[in-house]
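>>> For reference, the sequence and a predicted model appear below.
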Amino acid sequence: MRSQRFLGYAYLAPYLIGLVIFTAIPFLSSLYLSFTSYDLMSSPRWTGLSNYQKLFTRDRTFEKSLSVTLIYVFSTVPLKLAFALFIAAILNYKLKFINFFRTAFYVPSILGGSIAIAVLWRYLFSTEGLVNMAIATLGFGPVDWFGDPTNALFTITLLRCWQFGSAMVIFLAALQSIDKSLYEAASIDGAGKVTTFFFVTLPLLTPVIFFNLVMQMVQAFQEFNGPYIITQGGPLKSTYLLPLYIYEEAFKKFNMGYASAIAWVLFAIIMVLTLVAFWSSKKWVYYAGDKRS
Amino acid sequence: MKGILKTSVIMAGTALGLIAMTPSAGAAELRMSWWGGESRHVATQKAIAACGAKYGHTIKGEFTGFDGYLEKLTTQMAGKTEADIVQVNWPWLPLFSKDGTGFADLRTLKGIDLSNWTEADLNSGSTNGVLQGLSVSTSGRVFFFNTTTLEKAGVAVPKTWDEFFQMTKTVKEKLGPDYYTLNAVKETAHLLMVLVITQATGKDMVDPKTNRVAWTPEELATGIGFLGKLVETGAIRSQKQEAADGNVNLFEKPAWAEGKIAGSYEWDSTYSKYADPLKEGQVLKPVPMLTMANGVTEGVFRKPSMVFSISKNSKNPEAAAQITNCLLNEPEGIDILGTSRGIPASKAAMARLANTGEPEVRAANDIVMKASGPTISPFNENPVIRGIIIDTLEEYAYEQIDEMEAAEQIIEGVNDALKKFD
C-alpha cells in the first residue's frame, strides 16, 4: 500500500517539478519584481508600489495599450466564436468529402500562431497584396490595411479570427452530441431551421460556448506574434497590445520591474473578466439535467 | 588468476583507447553570437571553423538579423547564458556593462594581442576603465545610390541637397511617380534628421558637457520639417505608405531590387546587404556626403560599429580569447572575414587586407573616415531614446502634431531619459 502511494507520487513528480520550475517560480518572481526597479544587469531594488503608481497615474502609453487590448479582445472573441460556430454548423451536415473539409478548416489553427503565417498575412494585406488585388477585381480601390490606424487593429483581429479551428472542433463535437430526437420533436411542433437553431441547438451548446469564451478570451489577451511581426504595434500605437508593451519594456528598455507590474495588471484583468464570465454563466449556461425551465 | 589478468588487460586497453579519443588538453566547445546579413553569416561561419581548427576548439555560431538581436542578447545576459564570444553594438556597451563588470575584462586574458588597437579604440570599448569589447571596425552612415536608375533618368549623382531635390524631380518626371530617390524608414529617418541638423548646426544631439539635448527646439523642428519635405517632394515614401506595406526592410522590397528606390542612407559596412538583392545589371555605389548650402559640417555619423566581447560567464575565457584574436588579428580569420564587418580596426587586419576586400565597402568607409562631423554620443542609439524619437516622428508623419510640437516632445522625452545617466 505504502509503495503504491510512493509510486503515485513518482508518477506525479515530473508534472509537479515542471509546474514549480516553469510556472510557479517565474509567477512568484514576477510578482516580487513588480515591486522593484530591475534592469536585468544588476540586482533588483525594492521600490514598493511606485511601478503601479506610475502605471495608473502617469503612463499614457499604458492607457492607450490597455484600451487597444480591450477593443481587440472584445471584438476578436465574439467574431471568432461566431465564425467557428457557423463553420461547425455547416460541417455538421453530411456532405460529400466532409472529413476533408473538417481537416482543411482545422489546419489554420495549427499554423496560425506561427511567425510564418504572420509574415504571410503581412504580404496578403499589403498595398499590392492579394486581398487588395481581389478587391480591385470587384472595382474598388485598394484599402490601406496596415497604414491606417483605424484598419490596422481590424486586420490583426482577422488573423486571430482565421485561427478558429480549435474552437470549431469543440463546437462540432458538441453539435454531434445533441440528441436527434430533440430536433424531431421541434420539427413535429412546426419549428423551422432558424427557430430550431436558436431554441434547441444554441441552449444546448451554452456549456461549450462558455468554455470557448473563457479560453479564447485568455488567449486573445496574450496575443503577441501578429502585431509584433506585422505592425510592430503601429501605426500610432493602434495595435500596441499589452503583451507587446510588456515585451518592449522588459527586453528593449531594460525595465523588467515595470514590465512585471504591467504583466500583473494584465493578469488581474484576465482574472476579473474570467470571474465575471463564471458568475454570469449561472444565468445563461444550461447543463444536462439542469432543473431551470 | 587467469580471469583477473584477462579483465585487467581489457580494462587497461579500454582506458588507453578512451585516452586516445579524448581531445587534446585545452580543447574547448565555444559559442559565438552575432547579427548580420547573408554575406557576414557565411564569412563568419567559415572563419570560426578555420580558427577552431587552428586551436583545436569547436565553435558553434548563433546568428540572426539585427532585428531582435538586442532582445535576444538581453535575455541571455539576464540568464547568464550568453555565448562565449558576443558581437555587441557599441551603443549597447553602457547598457550591458555600466560599471565595467558586464563582460570579461579583456586586459586580463592572455590570448589577445591588444597592441593591434589604438588607445582611442581601446578606450571606446571600455566602460569604467575596464576593457569590455574590442572594436571590430569604425562605421558610419553613408549614401548609396543606384547609378543604373540615375543613368536611366539621365541625372548625375547629387553632391548637395539642392542637387538631390532637383534630381528627384527629374527622376519622377522621366521614370514615373512610383520611382523614389531615397529610403527613410524608422532608424534611417531618425539618422537622416540627425544628419541635416548636424550639418546645419555642427552639433551632435547630446551635449557631452551637460548630458542633455544640445539642439534648440527650432533647430530640431527644422530637421523634422526636412523629413516632411522629403515626403512632399516624392523623394521618399511616406511613413503611412511604408506601414501599409508592413514596414518591410529595404533590402527585402521588390521596388529596391528593381531600382525603383534609387538610394538610401545606410551603414558603410552593410553595402553587400543592399547590393546583393539588386536585380542583375543594377549598380549600387557609395557616394560622398550630400552637403547643405550654409552647412557648417558634413555631419557624418561615425562611431565604433561593433565590438567583440567575451562572456564573464564563459567556462573557457582563454579559449574564447584565442578565437577572438584569431578572428581579428590572425591571417586565418582576417582573410576569411575580409570586410564583412566593415574595414577592420585591428592594425594587423588592416595591413594584411591592404586594398583587398570589397572595393565598395572600402570606398564607403573612405567616405565615412574622411568626412567631417562632431563626436557622436552613444545615446543617439539608446533604445529608449530612439523609441521616443521614432514614436514622435510617427506622430508627425501622421499629422497628429506639427514640427515644433514634435521637437518639444522629443527634447522633453530625451532629456528625461538622459537624466538617468547623470
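Perfect, I can see it now.

>>> Now do the same for the closest residue to chain B within the stretch 51-200 of chain A: its pLDDT.
Of the stretch 51-200 of chain A, the residue with the smallest distance to chain B, taken as Cβ to the nearest Cβ, is residue A:147 at 3.1 Å. Bear in mind the C-beta positions are built from the backbone N, C-alpha and C, glycine included. On pLDDT, residue A:147 comes in at 91.

>>> what does chain A put close to chain B?
A:40-42, A:122-123, A:125-128, A:144-149, A:152, A:230-232, A:234-237, A:247-248, A:251-254, A:256 (Cβ under 8 Å from any Cβ of the partner chain).

>>> which one's the longest helix in chain A?
Ordering each helix of chain A by length in residues (DSSP state H) puts helix A:60-91 first.

>>> returning to what we had before: what residues does the closest residue to the residue of the stretch 51-200 of chain A closest to chain B other than its chain neighbours make contact with?
Ranked by Cβ to Cβ, 6 or more residues apart in numbering or on different chains and with sequence neighbours excluded, the top spatial neighbour of residue A:147 is residue B:244, at 3.1 Å. Taking Cβ atoms under 8 Å, 6 or more residues apart in numbering or on different chains, we find residue B:244 in contact with A:126-127, A:144-148.

>>> Which residues of chain B lie near chain A?
Contact residues (Cβ under 8 Å from any Cβ) of chain B with chain A: B:70-71, B:74-75, B:77-78, B:95-98, B:102, B:239-248, B:383-384, B:387, B:391, B:394-395, B:398, B:400.

>>> Just the buried residues from these, in ChimeraX please.
Buried residues among those (16 or more other Cβ atoms under 10 Å in any protein chain shown), as a ChimeraX selection:
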select /B:70,74,77,78,95,96,97,102,239,240,241,242,243,244,245,246,247,248,383,384,391,394,395,398
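
>>> so of the residues of chain B next to chain A, which ones are in strands?
Residues of the residues of chain B next to chain A located in strands (DSSP state E): none.

>>> give me the residue from the stretch 201-350 of chain B nearest chain A.
In the stretch 201-350 of chain B, the residue found nearest to chain A is residue B:244; the distance is 3.1 Å by Cβ to the nearest Cβ.

>>> Next, work out how far apart residue A:279 and chain B are.
Counting by Cβ to the nearest Cβ, to the nearest Å, the gap from residue A:279 to chain B is 39 Å.

>>> Let me know the pLDDT of the most centrally placed residue in chain B.
Residue closest to the mean C-alpha point of chain B, counted by Cα atoms, centre = their mean, is residue B:305 at 5.1 Å. The pLDDT attached to residue B:305 in the predicted structure is 85.

>>> The one 5 residues further on too?
Predicted confidence (pLDDT) for residue B:310: 97.

>>> same check, this time on residue B:137
Looking at residue B:137, its pLDDT stands at 90.

>>> which residues does the closest residue to it other than its chain neighbours contact?
With sequence-adjacent residues excluded and distances taken as Cβ to Cβ, 6+ apart, residue B:137 is closest to residue B:342, at 3.5 Å. Contacts were defined as Cβ under 8 Å, 6+ apart; by that measure residue B:342 touches B:136-139, B:267-269, B:305, B:361, B:365.

>>> In contact with residue A:211, which residues are there?
Contacts for residue A:211 were tallied using Cβ under 8 Å, 6+ apart; they are residue A:170.

>>> Relative to residue A:171, how far out is it?
Here residue A:211 is placed at a distance of 10 Å from residue A:171 (Cβ to Cβ, to the nearest Å).

>>> ok, now residue B:416?
Going from residue B:416 to residue A:171 by Cβ to Cβ gives 51 Å.

>>> now swap in residue A:20 and tell me
In this structure, residue A:20 lies at 35 Å from residue A:171, with Cβ to Cβ as the measure.

>>> Between these two, which has more neighbouring residues?
Neighbours per residue (other Cβ atoms under 10 Å in any protein chain shown) separate residue A:20 from residue A:171, with residue A:171 holding more: 24 against 10.

>>> May I ask which helix or strand encompasses the more buried one?
helix A:165-176 (DSSP states H and E).

>>> quick one: contacts of that helix?
Outside of helix A:165-176, the residues within contact range by Cβ under 8 Å, 6+ apart are A:80-81, A:84-85, A:87-89, A:91-92, A:102, A:105-110, A:112, A:201, A:204-205, A:207-208, A:211-212, A:215-216.

>>> at 6 Å instead, please
Contacts to helix A:165-176, defined as Cβ atoms under 6 Å, 6 or more residues apart in numbering or on different chains, come from residues A:84-85, A:87-88, A:91-92, A:106, A:108-109, A:205, A:208, A:212.

>>> what's the next secondary structure element after that helix?
If you walk from helix A:165-176 toward the C-terminus, the next helix or strand you reach (DSSP H and E) is helix A:180-188.

>>> Run the chain-centre distance for that next one.
Taking the mean of its C-alpha atoms, helix A:180-188 sits 35 Å from the chain's own mean (Cα atoms, centre = their mean, to the nearest Å).

>>> What of stretch B:247-254?
Relative to its parent chain, stretch B:247-254 has a centroid offset of 18 Å by Cα atoms, centre = their mean.

>>> can you give me the end-to-end distance of that stretch?
From the first residue to the last, stretch B:247-254 extends over 13 Å; the measure is Cα to Cα, to the nearest Å.

>>> Ok, stretch B:278-298 next?
Start-to-end span of stretch B:278-298 (Cα to Cα) is 28 Å.

>>> Please identify the buried residues of that stretch?
Applying a neighbour-count criterion of 16+ other Cβ under 10 Å, the buried positions in stretch B:278-298 are B:278, B:282, B:284-292, B:295, B:297-298.
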